[in-house]
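Asks: The following comprises the amino acid sequence and a computationally predicted model.
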Amino acid sequence: MRWLYLYFPQLYLHSCGADPQQPHALLAARGEHLLDINSCARQQGLESGMPLATAWCLCPTLQVQRLQPERQQHWLQQRALWAYQYSAHISLDPPEGLWLEVASMAKLFGSVTQLWQRLTDEASSMNWLLHSGVAATPLQAKLAAYNAWFSQPTTEHDVWQRCLQASITELLLPDEQQLQLQRLGIRTLQQLLRLPAADIASRLSPELLRYLQQLQGRQTMTLERFKPPLIFQDEVLFISEVEHRNGLLFPLTRMLASLSGFLWQRQLATRSVHVHLSHRHQASSHWPIEFAHAEYRQAELLFLCRHQLEQRQLSAPVTQLSLRVEQFVALHNQQPSLHPEAQQNADQHLLLNRLQAKLGPHQVRRLHPDGDARPEYASCQPRQCDAGLAPLPNQYRRSLRPLWLLPQPLPCPTPPQCEHGPERISAGWWQHQSVRRDYYHAWLNGRYAWVFRDDQQQWFVHGYFS
Amino acid sequence: MPGSFVMISNSGLSMVTSASPLLPFAELHCCSNFTFLTGGSHPQELVQRAAQLGYGALAITDECSVAGVVRAHQAIKDQQLALKLIIGSSFYSQEQRFIALAPNRAGYQELCQLISHCRMHAPKGEYQFHWQDLLSSQHLLLLWQPQTRHIDEHMRQTLQQQFHGRLWLLAERLLDEHDVLRYDAIIALAKDWQLPLTCGNDVHMHHPSRQPLQDCLTALRHHTSVAAGRQYLFANGERHLRSRKKLQHLYPIELLQASIDIAQRCTFNLDELSYQYPTDCLPPGREAGEYLRELVEQGVKKRFPKGAKASTLATIDKELKLIAHKQYEHYFLTIYDIVRFARSQNILCQGRGSAANSIVCYCLEITEVNPEEVQLLFERFISAERHEPPDIDVDFESQRREEVIQYIYRTYGRERAALAATVISYRRKSAIRDIGKALGLDLLQLERVMNNFGWRYRDANWLDELFAHSVDGATRQLFQQLVSELLGFPRHLSQHVGGFVISRGPLSALVPTENASMPERSVIQWDKDDLEALGLMKVDILSLGMLSALRRCLAYISPPNKPITLANIPRDDPATYAMVQKADTVGVFQIESRAQMNMLPRLKPKNYYDLVIQIAIVRPGPIHGDMVHPYLRRRNGEEREDYPMESLKPILQRTKGIPLFQEQIIAFAMVAANFSATEADQLRRAMASWKKKGHMHRLQQRLQDNMLANGFSLDYIQRIQRQLEGFGEYGFPESHSASFALLAYASSYLKCHYPAQFCCALLNSQPMGFYSPAQLINDAKRHGVSIKPVDINHSNWDHSLEPASSQESSQQSQPAVRLGLRLIHGLQHSVGQQLVNLRPQHGYTSIAQVLQLNALDSQQRQALASANAFGELAEHRYQARWQVAEPQQQDLLTPLNTTPSWPLDAPNEVEDLLEDYHALGLSLGRHPLELLRQQGKLGSSLQACELIHQPHASEAFVAGLVTCRQRPGTSAGVTFVTLEDETGSSNVVVWLSTAQRQLKTLVSARILQVYGRIEKDDNSGIVNIIAYKLLDLSHLLELCSQSHDFH
C-alpha cells in the first residue's frame, strides 16, 4: 500500500472563514452556477452546479462569494505543509486534494494504518472535513477518497475489487469522456476493461487508455513533488545574556553573512528580515526590518539593520537571537552596467533604503496623483514600498496648483484681492462630502496664495505659490 | 459683493454689470441622453428647462446623431413652449470639435447625409469622422472649437473658404482649470483669423443637480466605478443650461448676440419634413385614387362572388373617400404590392391588428376578416381627426419572411428602405445593476436582493422596499435617487423586429441611417413613436410560425396540380367544432395553451364568432377584470343580458352585453358618454397605459359624469368601470381576434381531418407554438397517427409522409409520419442534405459506406449513431457508435478493411429511452411513465385518463413528466403544473403555501408525483388536482425532458 490520497471537500469555504451555521456558496470567477456549497446550504436543498437564481429562490439568505484562485492554491499549500510531517513525498492535486507517498513512512509510524489513524485524528481535531483513501496506485487512492469507499484502510485486493465494480460516474473522468462511454452502453469499469486496449486508444481516446493503465498500475503516474517554501533561519544562543543592543551586532553580522551567501547562491534578494529576541522572563520580542528595495549584499544589509536597531530599545536581557527571512524576490542583474540610467536607478534605490532606515519605514512616502478634482484628495501618499499603483492616463490634468497645499484650508477673514480665476470645483458627492468651491489666485499679506470661496460665501486659504 | 460673480480676464471685450436687463440667448451646444452614457437629461427636460430660463432657442446636438430631436420637438408642441428647436449634431475628434446646425431643409438633408456617412463606415454604435467630410456641405452652419494649440493652416484655410459666412469659433467658459487660458486663446485665434465668435456651454444636463447621475454615466462609459474613475469625471457641474443672468456675467454681449444671430438664421422645423409615400407601385400614367378604386372593385368581385351587400359597398365608398382625403392612397398601394409579391411566391400572409377593420384591406387581400361576418369599425383604423398615419402589420410565414424583406430591399433599395430602430432603455434591473456598479457596491449582494424581491406585485414605492434592509442610510438615498433618475434613459439603439420605413426619395434626406448588428442591414435613428409623431410611413413585416405550418399542411393534402388554399377550407364543420369543444387542441393556433384549454369546454364555441370571442376572452385583462364569468354566465343562461340604453344593443349584443373588445369600448364611450371619436380613442389608449400615467382617472371621471347625465344607474356605471380597469393593456381589437380566429379555425380543421399531415407540418415549422416536438408527437400518436423513426435509408432532412403499412395505422387512408434527420441533435443541415442526396437508389448497405462520405466528421457520425439512425445497418446503437468511432483510413489505396467489431451489449428499454431523449428530444418507444408504472415504481398513482371517472373531491395520487410549469402574474402566487403520462395530461394546481413548503421539488422536479384532491366540473368535464404533497421522482429515470417554465 503505497499511496494515501487526502480529499478536503469545501476547502475554500472552510478556510475563508465562512460561518458553518450559515449557508455559504462559492461561485467560479465568472459564471452564475454554484461551484461549491457548505453543509448548511446542502441541508437547505442546494446542490453544486445549480444556477444562482434557483439557489437564491430556495435559500434567500445564502451568502455568495467568487472564487479567487490564488487563495485556493495558498490554502491547499497550507494543508500540504501540514501534511509534511506525515510524508516526504507530497503532490498537490488542485483544487482540493493531496497525494502522500506513505510506504516509506510506514516504519516510522509503525504501519500505514497507524499513520492514517494519526493523520485523520489530527485533521478532525482541527475540524477539517477530510476523506481519504489508501491504495497501491495513486489513482486508486484518489477514487477511494473521492467516493468515500472505505472508512478504514483495507487490503490492496479489496480496493481493486471495489474499483472494478465502480460505475463510470465514479471514475472522475472528464464529462465528454463519461458521456461517450455512457452512449456506448459502458457502465462499469469492468466493462470498460474488457475492451481491447488498441480500440480504446483509437476509438475513444489515448488519454483514456493512459488513465486505465495508470489506474491499474501498469504505467507510473508522474507526480510533481511539492516543495515547501524557502525559509532562511539562523540562531545564536547566548551563554551570558546580552543587555545592550550593541552586543547583538557581532552575532548579527555573522548571520547576515550567511544570509548573504544563501541569497547569492540562489540568486535571490529580500526586502524584509525578521529578528526575534528571546528573553528569560518575558515573551520574545519580534523586530521586523523592512527595506524599500530588495537587497542581498552583506554590507548593505548590515548598514540597514544597524540603523533600524539603533532606534529600538531592549525591553529585557536577551538569551537568544534568531534571524528569519521568509520572503524572497528574484535578483535582477546588479552588475555595474554601462548604461547610465541603470546606475542611477541603483543609486536611487540605495538612497531610499538608507533614508528609510534612518527615518523609519513609514516616514518615506511617494506622491501619487489620484485623479480627484478636489485638491485635498488629488494625490495620495502611499508608502514607498507599496507596489503597483495604476498609472494615470496621459491626458491627466496638469493644472495650475500651488507648490504648498495646506493640510486643512484656513479661514480667511477678509475677502482678498483676486487676480486670476475663478476655477470652480464641484465633486465628492459619492463620499457624501459634496464640495462646491470657487478658487482664485490672490495676494495675501505679501504672499501669492490660492484661496477659495465656498457655498456659504466664506473665504478660505488653501495653499501658497512659491 | 455677495452673490455676484467676479470675472477676471484680459480679453478686452465689454462686460455687463448686474443691473442691465437680460439679453436673449440661444444655446447651441447641448447633448441629451441620446448621446448614450454621456448626456444626463432627457430631450424633453432640456427643452422645458430652456423655455423656463427664457432662451430664444435651443439646439440639441447629440454626437453624430439626431435620435433625440423628435422627442424634443414633440415636447415643445405638446406643452406649447415658446422655444425654437434647432436641429444639429456634434462631431468630435482628438484635436477638434465641430458642431453642425441645420438652418433649413437643405441643411437638414446635408446633416443627415453627413451622419449616415460617418456611421455607415464604422461598426455599430461608433462613427468615423474626418474634417474633410464637412467640405461637401453648402448650407450647414458650423461651430468650431479647436482643442490643440497648433492648427493645420491648410485645414483652416479650406474651412474658411468653404464655410464663408457660415463658420464661427466657439468659446466656452466652463470654469475648469484651464478655462481662462483656453478662452483667451480662442479669442486671440478669432482675431488672428478674422472669424466671428460665439459662445456655448457644452451642456450635458438640464440642471446642475444632475451632476451625480452624469458622473455615474461617465464612469459606466469607462467601465469603472465613480470612485475608481475620478480622473474621467468633469471637475464641476457647470455643463448645464445656465441662467441668462449668469451668462451675462460670463460672456460679453457680442458673443451672446452672435448666438441669437445664428439661431435666427435657423428656420428649419421638423414639421416641414414632408414625407412622401413611394409611388413605385403606381403604373405610369395612372392616378393613385382611381387605380386604387379599380383594384378594390376587382377585389369586391373576388371576395363577394354572390355580390356584396349594399351596406358593405357603402362602407367601401366611405373608406375610399377618407383615404383620398388623407392622401393615403400610395400607402395602401405599397402594402398591396408587398402582399401581392408574397402571394405570387406562395408565401402565406395575413394582416393583423386594427388594419383588419378595413374592408378596403379585405378587398385588396391584405387582411382576411370578412366584414359581413364580423362588425368592423373603420374609425379604429383611420379617422378624420387623427393625424397619425395608419399602421398596417402583416404576418408572414416565419421561415420565408426573409424573402419578403429581400424583395423590399430589391424594389426600393437600401437608400429608400430601412428598419426602424428600437430604443433600448434602462429598466429596473439594469438601472439597479449599473448604478450599483457605478457606486462600487457589492454586485453579488445586489443580485441577491433583486432575486429575492417579488417583482410582480409591487407598487410605486418599490425602490424603498427593495433596499430597506440591505444598503445603509446615506448610500441608500443616493442610490434610490440615481436609480429613479436613470430609469427610462436610453442605452443604445437596436433594430426593430420588422418595422420598415419606405420613402419616395432617399431616406437619408429625412433621417440618418446607421449599421445594425446584422450584416447588410441598416437602421434609421428614430423609433416607432418618433415615426408616428412625424407622420412617416411604417409597415411591420412580422413573422408567424403557424402560417408556415398551414402552408405546408395545405401542400401535403393538395392533389397534384390542384393546390388547396385557406379559402378552400369548408367553414362551420361540425366535427371540427366538436373537437375544439373537447379542448383537444394541442398544436392548434391560439387555443392550445393551458388556460385556453380550460376555457374551451366551458365556452363550447360552435361557430366562427364564438372562436373570435374565445381568443379574446382568455387574456390576463378580462380574467382580472371579472369579465369572464359574466359572459359565461349569460351564455349559459344563468344571468340576464341588460342594456340600460337601447342604442347600446347593437354595440354589445354580440357579446351579450359585456364589453370584450377595444372597438366596443370606443363605440360604447361614444354612445353612452357622448365622447367624440377622437376622445373615445384616447380612452382606449389611456387604457393601454393607465398603470403608467394615471390619465385613466381623468377620463374615467368624465365617463362617469357623462353617463350619469345620460341616465345610467350608478351601479351599472361602477360595474362597467371595474370591467374597464381590468381591460388595462390586454383588451384585444376585435379585428385582430377575428384575423386570428380564421387561422385557429383552419388549423383546427386540418388537425381534425388530416392529423398526420398536420403533425408533420407542425414539426417542420418548429420552433413555434406552445408544445415541444415530443408533446406534438405523443398527441398525434394518441389520435392514431403512426410515427416512424429516423432512418438513414428512409428519412429526408425534413419530416415527411409515408404510406402507412397496413398493420400499424388504425386509419388505413392516413399516411404515417417519417421523422426527419433535422431532429437529430448536433447534425448539421448541410451534412443531412448530403446524406439524402448521395443516398443510393436502394439505400446504403453498410455503415462503412456511409462513413466514406467526406462531410461526416466524428461528431456528426456519433450523432447519427446515437440517434439510432443507422437502423438495420447496425445491430444496435451502441454497436453503431462503436463502429463509427473507427479511426479514418488515411491511405486511399488500401481496400476498406472492416475489422471485426468488438461486440457490445445491447441497450435495454430504459437505456434506449434515455438515448432517444438525449439524441432526439423525444422517444417513439413506450412512455417513461408506462415503464415506471410497469416496474411498480409509481405506487397507486392513477393514469391521466382515469381522473375523469373519479368522484369529485376524492383524493388520489397522480404522476407524470412535468411538461409545463406556469405562475401567471395575476394568479396570486398559484402555480399551474401539467403532468404528462402515457394516456394524456393532467392539470395540477399548487397553492402558494404548498409551493413555499416544497419549493425545491416544485422548481426542479422532472418527474413529479402528486397527492391531492380531485376537482371536477361535470358541465365542462374539466378536472384539476389541488396538490397537497409533491414528490420528486426524477431520480427514477434520470431523464432530461423539456418543460415549459414560465414565471
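Replies: The structure has been received and is ready for your questions.
Asks: tell me, how many neighbours does the closest residue to A:Leu164 other than its chain neighbours end up with?
Replies: Spatial nearest neighbour of A:Leu164, excluding adjacent residues (C-beta to C-beta, 6 or more residues apart in numbering or on different chains): A:Gln190 at 4.8 Å. Quick note: C-beta positions are derived from backbone N, CA and C, even for glycine. When neighbours are counted by other C-beta atoms under 10 Å in any protein chain shown, A:Gln190 registers 12.
Asks: I'd like the secondary structure assignment at A:Gln190, please.
Replies: Secondary structure for A:Gln190, judged by DSSP: H, G, I helix; E, B strand; the rest coil, is helix.
Asks: Do you know the pLDDT at it?
Replies: pLDDT, A:Gln190: 89.
Asks: cool, and B:Asn897?
Replies: If you check B:Asn897, the pLDDT there is 54.
Asks: returning to what we had before: if I look at the residue nearest to A:Leu164, how far off is chain B?
Replies: Relative to chain B, A:Gln190 is positioned 12 Å away (C-beta to the nearest C-beta, to the nearest Å).
Asks: Just confirm that residue contacts A:Gln165, I think it does.
Replies: Yes - contact criterion C-beta atoms under 8 Å: A:Gln190 and A:Gln165 qualify, at 7.0 Å.
Asks: if we look at stretch A:303-311, which residues are touching it?
Replies: A:245, A:248-249, A:252, A:256, A:273, A:275, A:287, A:289, A:291, A:295, A:353-354, A:357-358, A:360 (C-beta atoms under 8 Å, 6 or more residues apart in numbering or on different chains).
Asks: Of those residues, select the buried ones using a PyMOL command.
Replies: This is how PyMOL selects the buried members of the contacts of stretch A:303-311, with burial counted by 16 or more other C-beta atoms under 10 Å in any protein chain shown:
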select buried, chain A and resi 245+248+252+256+273+275+289+291+295+353+354+357
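Asks: Looking at the contacts of stretch A:303-311, which are in strands?
Replies: Within the contacts of stretch A:303-311, residues falling in strands by DSSP state E are A:Val273, A:Val275, A:Trp287, A:Ile289, A:Phe291, A:Glu295.
Asks: ok, those residues vs chain B, which is closest?
Replies: Among the ones in strands among the contacts of stretch A:303-311, A:Phe291 lies closest to chain B (C-beta to the nearest C-beta), at 30.3 Å.
Asks: how many other residues sit next to A:Trp430?
Replies: 21.
Asks: tell me the SS of it?
Replies: helix.
Asks: list the contacts for it?
Replies: With contact set as C-beta under 8 Å, 6+ apart, A:Trp430 has these partners: B:Pro212, B:Asp215, B:Val226, B:Ala227, B:Leu439, B:Leu478.
Asks: For the second one, grab the count of nearby residues.
Replies: Which is B:Asp215. B:Asp215 - counted by other C-beta under 10 Å - has 23 other residues nearby.
Asks: rewinding a little: are any of the contacts of A:Trp430 buried, and which?
Replies: B:Pro212, B:Asp215, B:Val226, B:Leu439, B:Leu478.
Asks: In helices, which of those fall?
Replies: Those of the buried ones among the contacts of A:Trp430 mapping onto helices are B:Pro212, B:Asp215, B:Leu478, per DSSP state H.
Asks: just for the stretch 701-850 of chain B, where's the confidence low?
Replies: In the predicted model, the stretch 701-850 of chain B carries pLDDT under 70 at residues B:725-730, B:805-812.
Asks: run the last query once more with 80
Replies: Within the stretch 701-850 of chain B, the segments meeting pLDDT under 80 span B:701, B:719-732, B:804-813.
Asks: re earlier: among the contacts of A:Trp430, which are within reach of chain A?
Replies: Subset of these in contact with chain A: B:Pro212, B:Asp215, B:Val226, B:Ala227, B:Leu439, B:Leu478, counting by C-beta under 8 Å from any C-beta of the partner chain.
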